[in-house]
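# got a predicted structure here, sequence first:
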Amino acid sequence: MTRIGREILQRSLKVACIQIASGPNKAQNITQARKKVLEAAAEGASLVVLPECFNSPYSTAKFREYAEPLSPHPDPNKAPSFAALSQMAQDTGVFLIGGSIPEYDESGKIYNTSAVYSPQGKLLGSHRKMHLFDIDVPGGMCFHESDTLSPGNELTVIDLDGYGKIGLGICYDMRFAEPSTIAARQGAFALIYPSAFNTTTGPLHWELLGRSRAVDNQVYSVLCSQSRVPDSSYPAWGYSMVSDPMGRVVAGTKESDDIIYATLEPDTIKETRQAIPITHQRRHDVYPDIAQLL
Ligand SMILES: O=C(O)CCC(=O)C(=O)O
């Protein structure tokens, strides 16, 4: 039986994307995030998303300095960012996608990690960026996350109790259609990408990718960016946006700090899937295993 909508997203869900810029002071970054999460919750959001690396500069040279260990019960002395996220979720009663934070594990490897907290402040799951942002565009952006980061090796689908499931990726992960398709086939109602795109690739690809992931899978996509700091070493793109399953941008902003809101509706998923029924028109009997084609 094809799942078409209402059972995928069980009820309307107001989501907020907090577009802010991180600076060199970790404590100030956390305080800023907390203030905005409180504001979004006061506006009635039940799911709040922070951007990629909200607690640190987006710089391969800085990730180790800002990294923290991830655990279900974060020690505020060792992991002030993770502890603060858990507390914010608990204090506001929202599901919180904690943007991302450089995380170190017991072997000393560093990951770009997004932690998700329940309205009770419980760690529901986490995603380590799987596809590291290593690009070299002549005359444009050159960035090599793999200089200091290790990739995660797991796809992430998380159940938000009472609403349904989300697929979670981080920024560059959105370029890869396969994880989003898998999340949708596992019943996710939205694909969520804490991000910090840039002014080289942002103009052509940001909105296109956000809308494509939504239309490919007939789900919502939620792209939450850092805001732009002109003349910084990494000018983020901004333009946080929410796309509905038809590819309509239902909330968006420009470069500066902002919070955007959208209400995700079960009927919109259902109606899209009924009108254009690609969900059960796929030809898995014909498609080869693409991993075998390499
Ligand atoms: O894919 C891109 O062009 C940008 C990705 C990015 O900025 C990131 O992964 O942080």
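Now that the structure is in, tell me what you want to look at.
# point out where the stretch 1-150 of the chain drops to low pLDDT.
Counting by pLDDT under 70, the stretch 1-150 of the chain shows low-confidence ranges at 1-2.
# chain center to stretch 172-182, what's the gap?
Taking Cα atoms, centre = their mean, to the nearest Å, the mean C-alpha location of stretch 172-182 is offset from the chain mean by 12 Å.
# quick check, it touching the ligand?
Yes: using Cβ under 6 Å from any ligand atom, stretch 172-182 reaches the ligand at 172, 175. Using the backbone N, CA and C atoms, a C-beta is placed for each residue, glycine as well.
# send the alpha carbons of that stretch over as CSV?
Extracted C-alpha coordinates of stretch 172-182, given in CSV (Å, rounded to 0.1, in the frame of the first residue of the first chain):
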residue,chain,number,x,y,z
TYR,A,172,26.6,19.6,0.9
ASP,A,173,24.6,16.4,1.7
MET,A,174,21.6,18.0,-0.1
ARG,A,175,23.5,17.6,-3.4
PHE,A,176,23.1,13.9,-3.2
ALA,A,177,19.7,12.7,-4.2
GLU,A,178,20.0,9.1,-2.9
PRO,A,179,19.8,9.7,0.9
SER,A,180,16.8,12.0,0.4
THR,A,181,15.0,9.3,-1.7
ILE,A,182,15.8,6.7,1.0
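# show me which residues of that stretch are buried.
Judged by neighbour count using 16 or more other Cβ atoms under 10 Å, the buried positions of stretch 172-182 are 172-174, 179-181.
# same check on stretch 16-31?
16-22, 26, 29-30.
# again, but for stretch 266-282
266, 268-270, 272-273, 279.
# mind putting these into a markdown table with pLDDT and distance to residue 45?
Converted to a markdown table, the buried residues of stretch 266-282 look like this (pLDDT from 0 to 100; distance: Cβ to Cβ, whole Å):
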| residue | pLDDT | distance to residue 45 |
| --- | --- | --- |
| 266 | 97 | 18 |
| 268 | 98 | 18 |
| 269 | 97 | 19 |
| 270 | 96 | 23 |
| 272 | 97 | 23 |
| 273 | 96 | 26 |
| 279 | 88 | 28 |
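# among the buried residues of stretch 172-182, name the ones in helices.
Among the buried residues of stretch 172-182, the ones falling in helices (DSSP state H) are 179-181.
# so can I have a markdown table of those showing distance to residue 208 and pLDDT?
Formatted as a markdown table, these follow (distance: Cβ to Cβ, whole Å; pLDDT from 0 to 100):
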| residue | distance to residue 208 | pLDDT |
| --- | --- | --- |
| 179 | 18 | 97 |
| 180 | 14 | 98 |
| 181 | 17 | 96 |
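# of those residues, which is the nearest to residue 203?
Comparing those against residue 203 with Cβ to Cβ places residue 180 closest, at 21.9 Å.
# what does this structure put close to the ligand?
So far as Cβ under 6 Å from any ligand atom goes, the chain lies against the ligand at 52, 133, 171-172, 175, 196-198, 201, 205.
# could you rerun that using 8 Å?
Residues of the chain lying close to the ligand (Cβ under 8 Å from any ligand atom) are 52, 58, 112, 129, 131-133, 135, 141, 143, 145, 170-175, 195-198, 200-202, 205-206, 209, 236-237.
# pull the contacting residues for residue 137.
Residue 137 sits next to 200-201 when contact means Cβ atoms under 8 Å, 6 or more residues apart in numbering.
# before I go, just wanted to say thanks for your time.
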